[in-house]
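Structural data only, the sequence is not supplied:
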């Protein structure tokens, strides 16, 4: 009888590498629990009853779980006073300390941060301070981020609310080379992180510009050429001043509203395409290829709950008023398509609005304000066709200007989408680099 081989024997170890508790790593790397190569610290929350004394005009960083970003942390959301430091036993952890979230929600566990200024922390975090000449802080941060899934497993085994403890962090096994190679790895990854951070900042800036542009263009505060020269006067309306060649109409004059289809769970997953809540919530405009939901429907249901090019859909119910009345417009026809009972269909009764203009015109501040203020709320926020029919919309009478506005905003969307695609690819590159560098598969020294 041939004896079975152990898992270690089955794994072919490449030359220059060794099998360890954390996997195959280079022979000249070490493995140690963090408590052998780091020191640790904690924190607390100054009593909120002493808010004026401990928080008002504070100048010291006080980091919470919500401040953690798996990267560099500058200023924290809240600052505390010198008195809070002296009276509560808090201490300022030094620059280069790595923070790990122990609890605060399952998705928060294991989140990290690298403080770039001395900072106190609350009780949900543990401060990990690498020992000089043993461990480089950014290398530690990168290793913890790479292995964040480990903490989910530890937390899910806890008896009460999911959490990890400071002892779990202290006993975490880390594979590491000499500090010189750690530094080289950290520098390579920090360069990619800097690019990711700059892309996120640029996306946020472009998004803010788009939001401001929408507010100006969709209210007529700013006119695009040649419309800015053709008409320069303004008129007073119930929505405020709008251009003289614009009009105000209630949505009920433009659209007919209809509630969507409700069916039991067993009818979903096959059959005809169905426009669902998340299709509306996630996209200002959708094509037939974007629709993933399927439902088994009769011919009568297909006719009653039909969808077609140009239909606008509004979210009807949600946990908060901020999530109701969100819209999308269907940009092409969907064969035998229907729509869900969690949304409302608005179908034009009069040909008043450009197709692409409908992607944007319901997102302006004054429209959102009307929708939220007229909604009802018991256990959930709700709106309906009657309420939406009374919402007033200001828009150019001519579709040429509507199309011009939509084109400007669509171009902005395309620019943001391109940046987000670049960000996604950069994050994928970083993940590949981490897999190679943090396991020693690729050596920089």
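Cool, got the structure. Every value quoted in this text rests on a predicted model; they were computed, and no experiment measured them.

C-alpha only now, for contacts and for neighbours.
Noted.

Any stretches of the stretch 1-150 of the chain with poor pLDDT?
Counting by pLDDT under 70, the stretch 1-150 of the chain shows low-confidence ranges at 1-11.

Let me see the ranges of the strands in it.
17-20, 23-26, 30-33, 38-41, 60-63, 72-73, 78-80, 98-101, 112-115, 119-121, 125-130 (DSSP state E, counting those that start in this stretch).

if we compare these, which one ends up closest to residue 385?
For residue 385, the closest of those is strand 78-80, at 42.8 Å, according to C-alpha to C-alpha.

Return the distance of that closest one from the chain's centre.
When C-alpha coordinates are averaged (C-alpha atoms, centre = their mean, to the nearest Å), strand 78-80 and its chain have centres 25 Å apart.

thinking again about what came up before, so which of the strands of the stretch 1-150 of the chain is the most packed in?
Stretch with highest mean neighbour count among the strands of the stretch 1-150 of the chain: strand 98-101 (a mean of 28; mean count of other C-alpha atoms under 10 Å).

which neighbours does that one have in its sheet, and in what orientation?
According to DSSP bridges, strand 98-101 forms sheet pairs with strand 112-115 (antiparallel), strand 125-130 (antiparallel).

circling back to that earlier point, with residue 288 as the reference, name the closest of the strands of the stretch 1-150 of the chain.
Residue 288 sits nearest to strand 112-115 of all the strands of the stretch 1-150 of the chain, at 40.4 Å, using C-alpha to C-alpha.

picking that back up, as TSV, the strands paired with strand 98-101 with distance to residue 211 would be great.
Listed next are the strands paired with strand 98-101 as TSV, based on distance: least, C-alpha to C-alpha, whole Å:
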stretch	distance to residue 211
strand 112-115	30
strand 125-130	36
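
With residue 386 as the reference, name the closest of these.
Residue 386 sits nearest to strand 112-115 of all these, at 48.0 Å, using C-alpha to C-alpha.

re earlier: redo the strands of the stretch 1-150 of the chain as a markdown table? Include distance to residue 433.
Listed next are the strands of the stretch 1-150 of the chain as a markdown table, based on distance: least, C-alpha to C-alpha, whole Å:
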| stretch | distance to residue 433 |
| --- | --- |
| strand 17-20 | 19 |
| strand 23-26 | 16 |
| strand 30-33 | 20 |
| strand 38-41 | 25 |
| strand 60-63 | 29 |
| strand 72-73 | 19 |
| strand 78-80 | 34 |
| strand 98-101 | 21 |
| strand 112-115 | 19 |
| strand 119-121 | 30 |
| strand 125-130 | 23 |
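
sorry, back to before: do you know which of the strands paired with strand 98-101 lies nearest residue 292?
Of all the strands paired with strand 98-101, it is strand 112-115 that lies closest to residue 292, at 35.2 Å by C-alpha to C-alpha.

buried sites along the helix or strand harbouring residue 432?
Assigned by DSSP states H and E, residue 432 belongs to helix 399-437. Under the neighbour-count criterion of 16 or more other C-alpha atoms under 10 Å, helix 399-437 has 399, 401-406, 409-410, 412, 416, 419-420, 423, 426-427, 430, 433-434, 437 buried.

How about stretch 255-271?
Across stretch 255-271, burial judged by 16+ other C-alpha under 10 Å covers 255-261, 268.

now, which of those residues lie within strands?
Those of these mapping onto strands are 255-259, 268, per DSSP state E.

where do the strands sit along the stretch 151-300 of the chain?
Secondary structure of the stretch 151-300 of the chain (DSSP E, counting those that start in this stretch): strands located at 173-176, 234-237, 240-243, 246-250, 255-259, 268-275, 285-286, 294-295.

Format those strands as CSV; extra columns: distance to residue 225 and mean pLDDT.
Shown next, in CSV, are these (distance: least, C-alpha to C-alpha, whole Å; pLDDT from 0 to 100):
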stretch, distance to residue 225, mean pLDDT
strand 173-176, 61, 97
strand 234-237, 16, 93
strand 240-243, 14, 92
strand 246-250, 15, 96
strand 255-259, 29, 97
strand 268-275, 37, 96
strand 285-286, 25, 95
strand 294-295, 44, 97
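
With distance to residue 361 added, can I get these in a markdown table?
Formatted as a markdown table, the strands of the stretch 151-300 of the chain follow (distance: least, C-alpha to C-alpha, whole Å):
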| stretch | distance to residue 361 |
| --- | --- |
| strand 173-176 | 53 |
| strand 234-237 | 17 |
| strand 240-243 | 14 |
| strand 246-250 | 12 |
| strand 255-259 | 14 |
| strand 268-275 | 20 |
| strand 285-286 | 12 |
| strand 294-295 | 29 |
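
Nearest to residue 343, out of those strands?
Nearest to residue 343, of all the strands of the stretch 151-300 of the chain, is strand 255-259, at 6.6 Å by C-alpha to C-alpha.

So which elements touch that closest one?
strand 343-348, helix 385-389 (3 or more C-alpha pairs under 8 Å, 6 or more residues apart in numbering; DSSP states H and E).

Try it again at 10 Å.
Applying 3 or more C-alpha pairs under 10 Å, 6 or more residues apart in numbering; DSSP states H and E, one finds that strand 255-259 contacts strand 312-315, strand 343-348, helix 385-389.

Please name whichever of these is nearest to residue 93.
The minimum distance between residue 93 and those falls on strand 312-315, with 46.6 Å, by C-alpha to C-alpha.

strand partners of whatever helix or strand comes next after the closest one, parallel vs antiparallel please.
The helix or strand immediately downstream of strand 312-315 is strand 317-318, counting by DSSP H and E. Strand 317-318 pairs in its sheet with strand 381-382 (antiparallel), by DSSP bridges.

next one: the partner strand to chain centre, how far?
Worked out by C-alpha atoms, centre = their mean, strand 381-382 lies 23 Å from the chain centre.
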